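*Asks:* Provide a 3D model corresponding to the input given below.
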Amino acid sequence: MSAYVALPRKGKGPGIVVLQEIFGVNASMRKVCDYLAARQFTALAPDLFWRTNPGVELAESDHENARAIRGKTDDNKASDDAAAAIDFLRHHESCTGKVGVVGYCWGGLISYLTAVRHKPDAAACYYGVGIDKRLDLAKNLSCPIMLHYAGLDQFAGPDVAKQVRETFKGDARVTIWEYPQAGHAFARPGGSHFEPKSADLADMRSLSFFVEHLFGNRD
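*Replies:* Sure, this is the predicted structure:
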């Protein structure tokens, strides 16, 4: 499994595994990694399509091919790959040992699955599609998690956010944010659905979340 890695300019930083949309580890995902590395994180985006279409990079307009490739990829195996990436970062010379995950769209689902099937130190999910279908695993949540939902999202909108909120009601480890004026993929760097106000707010919240839970020594 190959991966794109972005390192802090100096010294060590906590690790973050960046989980792709259905378009592969493309320019948008690399920009996310670079953004995190510039803020003293060690970021790694694993190629979750490595079993069937290694190295594929698709434009956001290529939905047909993207969905076909995603359809050949088992979600649980992708979550296992994310866990392998976490373990790799934990032992990386540029990582302090704490590692979180962040995912977008399909990657948001994989980030959630990683948080309930494995043991990252923190997880963030941007408009994760399909989380509502896997809430039977919510009881296994192993870490703090932050979920971002768009009010105009046709794939994971307010109804899904409400269901997730109900499921995790009373769990202080779970934070859910909604962005009423944003649509699906509102935080994709350079994307046609990019909504800067909501994207900046979500990114600042995620950054603060990861700083809180990942900086410092491991317990």
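*Asks:* average model confidence for the strand ranked longest in the chain?
*Replies:* Ranked by residue count, the top strand of the chain under DSSP state E comes out as strand 95-104. On average, the pLDDT along strand 95-104 is 97.
*Asks:* Now it - C-alpha only, CSV.
*Replies:* Provided in CSV are the C-alpha atoms of strand 95-104 (Å, rounded to 0.1, in the frame of the first residue of the first chain):
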residue,chain,number,x,y,z
CYS,A,95,5.8,11.2,14.8
THR,A,96,5.5,11.7,18.6
GLY,A,97,3.4,8.5,18.9
LYS,A,98,-0.1,9.8,19.1
VAL,A,99,-2.1,9.4,15.8
GLY,A,100,-5.5,10.5,14.8
VAL,A,101,-7.6,10.0,11.6
VAL,A,102,-9.6,12.4,9.4
GLY,A,103,-11.7,11.3,6.5
TYR,A,104,-13.8,13.0,3.8
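*Asks:* contacting residues around the top helix by length along the chain?
*Replies:* Secondary structure of the chain per DSSP state H: the longest helix is helix 196-214. Residues outside helix 196-214 that contact it (C-beta atoms under 8 Å, 6 or more residues apart in numbering) are 14-16, 35, 39, 41, 96, 98-100, 102, 121-122, 124, 126, 143-144, 146, 148, 150, 175, 177, 179, 181-182, 186-187. The C-beta positions use only the backbone N, C-alpha and C, and glycine is treated the same way.
*Asks:* which among these end up buried?
*Replies:* Buried by 16 or more other C-beta atoms under 10 Å: 14-16, 35, 41, 96, 98-100, 102, 121-122, 124, 126, 143-144, 146, 148, 150, 179, 182, 186-187, out of these.
*Asks:* where does this protein dip in pLDDT?
*Replies:* Along the chain, the model assigns pLDDT under 70 to residues 216-219.
*Asks:* Would you map the helices across it?
*Replies:* Along the chain, counting by DSSP H, helices occupy 27-37, 63-71, 75-90, 106-117, 158-167, 196-214.
*Asks:* Fine by me, thanks again.
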